[in-house]
Structures are given as structure tokens and as C-alpha cells.
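Chemist: Sequence first, then the predicted structure:
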2 protein chains.
Amino acid sequence: MAGDKGSSCGALVLLNCFVSPFGNRVRIALKRKGLPYEEKSENLAAKSPLLLSSNPIHGGKVPVLLVGDKPVCESLVILEFIDEAFSGTGEQLLPAAPCARAHARFWASYIDTKLPGCAVRVWRSPKGAAAVEEGKKDMVAVLKTLEAELGAKPYFAGDALGYVDVALVPFAPWFLTYERFGGFSIATECPAIAAWAERCVKENEFVAASLPEPEQVFQFVCGMRKAFGLD
Amino acid sequence: MAGDKGSSCGALVLLNCFVSPFGNRVRIALKRKGLPYEEKSENLAAKSPLLLSSNPIHGGKVPVLLVGDKPVCESLVILEFIDEAFSGTGEQLLPAAPCARAHARFWASYIDTKLPGCAVRVWRSPKGAAAVEEGKKDMVAVLKTLEAELGAKPYFAGDALGYVDVALVPFAPWFLTYERFGGFSIATECPAIAAWAERCVKENEFVAASLPEPEQVFQFVCGMRKAFGLD
């Protein structure tokens, strides 16, 4: 990192929970740039004092990237930070042209505005609740919109994985959980998104190394549902 | 704009509605940089085909900045675009250091995640609804959090107006409307935010020139409430 703007930033510590799509965006971005970092695993039912004091505004939400002793919060903000602080290291997530950067940010914002809300209704509602069906319907619409934006490109960014891909792909290990609780198949409803998710993992070692197994996510969610008294 | 990265972008046209806090962020950013642009006023009850085709994903939400024939959507994305495409023109909204940029983006994201939701409950609920009281309470909490972040600084960015100031100040002309429908006083609850809002307008001609009068906003909202059958 010699000569890098980020070199004076201090050691990088990621506060994360292994199933978090948001935290795993940061894993992917750090691994893609080959930046050394330490990960501290958080139990969201009993958050560490470090996490609570690092993101007090959002009640200790993960992820937090500690840069020396400075916390950087909010996953998309962290992705931009990594691109800017370590612009001399590895490939950039965002493209160079202002219009293309705006386009990528628009779609990352779309994902954050639309997808988590549907997802929570699917996996965190009581069995048989109307919210499950509504969440599933909305999720399929969101994924179809993303499918149209992907088009015939291998990645949202074009020929190689970029900002929008990193924003979306950590939801892929959750697809199995959405399917089991929602009673539907993402591969059937949105085949191009399913193929894209597989491509992201198969063709990018740093993605595969950053994401949990779908079955692990399902077991984790089953545990949470029991804790919430849903099952 | 000679030599500016943005000079090849083409003419700038802002699709806006004069009361929109989001659209007025873009007005402020454009005027601050002294960029020539045309504004097209949208009637949100009968959106123009241009607006609908420029932001189809969000159903013709304002603002849209047309850059030549390319639409840039989402107000914070547009602010970043203006900083990046016209980096050679006028002052930058975002600071230079990666950590400071992340800090500013965190607070702009906080505003967008928290404030509009409370605001809508205050001004768009039936008179006497519990949602009004809840919205008011949440809004005061959000403004107090922002007040703590502002601290003793004249602006969120320090000595001069920056990204977070531009994200927040277009809500100031709405304060009167929130106060009338919520039955509270922002100057009493959050005196430092009220003083900051006044400072932004008094000390920055480009802010004053970008914002509607509070009474105009109130009359506009009264018209909307009638159209929605609320009054």
C-alpha cells in the first residue's frame, strides 16, 4: 500500500455477522483489493461494547469497518471508502466516468431501498401470514427489475464484477431461505439472476471466500425464528 | 467549464417540483457551482412523459437531472455526480479525505433513512391520528441527533456549507408545515437546528435562491391534503 492514500489510515477491523449481506459486501470489497484485515464476529443478540460504541446512531448495526480507531458505518458508505482510501491498490469497484458512477450508485440504492424490506417479510413473518405472500411477490418484482438491468451482460458492471454486483451478491446465499419460507423458486422466476449469482461465486474466488453456505443461512434463520417465537 | 470532465456531458435540465426537498438539494448544488441549467417544473399529480420515461424504475420520482439525454436519478446520487462531473468548477460539496467523505455520506444517509418517514406521518395523516404524535416524537429525536452531530460548528461540514448541509437544509422550509400539523415548535425543541437553518439561508445566497417560502409549502400541503380527502 506504499504511496496509497489509505496507507495512513491504520489497521482495518471489520465488525460483522457471518450471514449479514451488508457485512459480506465489505468482506468481498476488502478481499478483492487484497487488503489485510481482521474480522470480529458479532453476536447480534448480545452485541459487543465495541460494536455498540462504534455505531451508536444505528444501535450497533453491522457492518462497521474500524480504520485505526475511526469507525466507518453503513455498507455502501464503506464500499465507497475502500475505493477512495485504497485507490492505488487493486481494481476499483466503481467505474471512472461520472455518469457510469451515478448509474451504479442508483442501482445499489435501489437494492437497499427495495430488497431487504421484501426479504424480511418472507423469512420473518409467521407461517401462513399474508405478509409472506406479499413479500414474495414484491421480491420477484424487484429481482425481475434487476434482471432487466443485468440484461445480457455477465455482470451488472459489464465483463467484470463491480459495485452493483458486490451490493447484490451477498443476498444470494439467502435465496434458499427465501425459497423455503416463501414456497417459490428464484431459479424458475428469475433464471438470469440465479445464473448471475452462480457466476459471481464460481468465477470470483474472493466472492466464494466471503459468503456463507445457503444451508448455514437457513439454519441461522431457523434459530432466529425460534428465538422470536415464530416456530 | 473548459477543461472540466463534465464539459462533454451536455446541457443540464432539472426535472423538479418547487417544494421537493430532494429536488431542491440539486438546485442548491447546481447554483453553488454556478452551473447553467434549465429547470422544468413537474406537476406530481400529472407527471410529464419526460419525467416518467426518465425515472421509470421509481415511477417518475423527482428529481431527475438530465445530462444531455442521460437521466441521473436519486438526489444524493445527483449531488455526487455534480461533484465528480464538475470537479474543476467551484467548490466541492464533499471533503477530500476518504474518512471525512464517509462521515458526510453516513449523515446524508441518516437523513434520508429517518427524516422523510417521520415528516410524512406528521403532514399526511388525518387530524388527531396517533401517527401524527408518533411522527412528531420521532422527528424531534432525529433532529436532536442531528443537533448533537452539528455541535458547536456553524455548518455540518465545519466553517462552510457542505454535503450534509445541502442534504438537510431543503427540509427547513417544511418546518412551519410540520409545526402546524404536529402542534410543536422546532425552534423550542431543537434551537441549534433552527439557528443552523436560518444561517444556511441568510449566509448563502444560492441556498436562499433555491428554496420556497415556508408559507408556500404550507399552502401546497393544504392543497394536497384536500386532494387526498384528509381535510
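Modeler: The structure has been received and is ready for your questions.
Chemist: which residue packs closest to A:G68, ignoring adjacent ones?
Modeler: The spatial neighbour of A:G68 that comes closest, neighbours along the chain excluded (C-beta to C-beta, 6 or more residues apart in numbering or on different chains), is A:G10 at 2.4 Å. All C-beta atoms are positioned from the backbone trio N, CA, C, and that covers glycine.
Chemist: Determine the number of other residues adjacent to that neighbour.
Modeler: Residues within reach of A:G10, counting by other C-beta atoms under 10 Å in any protein chain shown, total 12.
Chemist: Surely it and A:V67 touch.
Modeler: Yes - look at A:G10 against A:V67 with C-beta atoms under 8 Å: they come within range, at 5.8 Å.
Chemist: Quick check: neighbours shared by the two?
Modeler: Both A:G10 and A:V67 lack any common contact, where contact means C-beta atoms under 8 Å, 6 or more residues apart in numbering or on different chains.
Chemist: on that earlier part again, so the residue nearest to A:G68, which state does it fall into?
Modeler: coil (DSSP: H, G, I helix; E, B strand; the rest coil).
Chemist: Contact partners for it?
Modeler: Under the criterion of C-beta under 8 Å, 6+ apart, the contact list for A:G10 reads A:V67, A:G68, A:D69, A:K70.
Chemist: now A:D112
Modeler: Taking C-beta under 8 Å, 6+ apart as the test, what A:D112 contacts is A:L76, A:A167.
Chemist: follow-up on the earlier one: relative to A:V64, how far out is the residue nearest to A:G68?
Modeler: With distances taken as C-beta to C-beta, to the nearest Å, A:G10 is found 14 Å from A:V64.
Chemist: sorry, back to before: farthest pair within the contacts of A:G10?
Modeler: Farthest apart among the contacts of A:G10 by C-beta to C-beta are A:V67 and A:D69. That separation is 8.1 Å.
Chemist: who's more crowded, those two?
Modeler: Neighbour count, other C-beta under 10 Å: between A:V67 and A:D69, A:V67 has more, with 23 against 9.
Chemist: A:S53 is in contact with A:V64, correct?
Modeler: No - A:V64 is not in contact with A:S53 according to C-beta under 8 Å; the separation is 9.8 Å.
Chemist: and these two? which has more neighbours close in?
Modeler: A:V64 (27 against 12).
Chemist: residues in contact with that one?
Modeler: A:L14, A:L15, A:L51, A:S54, A:N55, A:P71, A:V72, A:C73.
Chemist: what's the angle from the lengthiest helix in chain A to helix B:98-123?
Modeler: For chain A, the longest helix by residue count, based on DSSP state H, is helix A:98-123. Interaxial angle, helix A:98-123 versus helix B:98-123 (axes from the mean of the first three to the mean of the last three C-alpha atoms, to 10 degrees): 60 degrees.
Chemist: Spell out which parts of chain A neighbour chain B.
Modeler: Neighbours of chain B within chain A, by C-beta under 8 Å from any C-beta of the partner chain: A:5-6, A:9, A:57, A:67, A:70, A:72-74, A:76-78, A:80-81, A:84-85, A:98-99, A:101-102, A:105-106, A:109-110, A:145.
Chemist: per-residue pLDDT, the residue lying closest to A:C73 once chain neighbours are set aside?
Modeler: Distances taken as C-beta to C-beta, 6+ apart place A:N55 nearest to A:C73, at 4.7 Å, with adjacent residues excluded. A:N55 carries a pLDDT value of 97.
Chemist: right, and A:N55 touches A:L66 too?
Modeler: No - here A:N55 does not reach A:L66: they are 10.4 Å apart, not a contact under C-beta under 8 Å.
Chemist: the helices in chain A, which residues?
Modeler: So, for chain A - with DSSP H - the helices run A:21-33, A:49-54, A:75-85, A:98-123, A:130-150, A:163-168, A:175-182, A:186-189, A:191-203, A:205-208, A:214-227.
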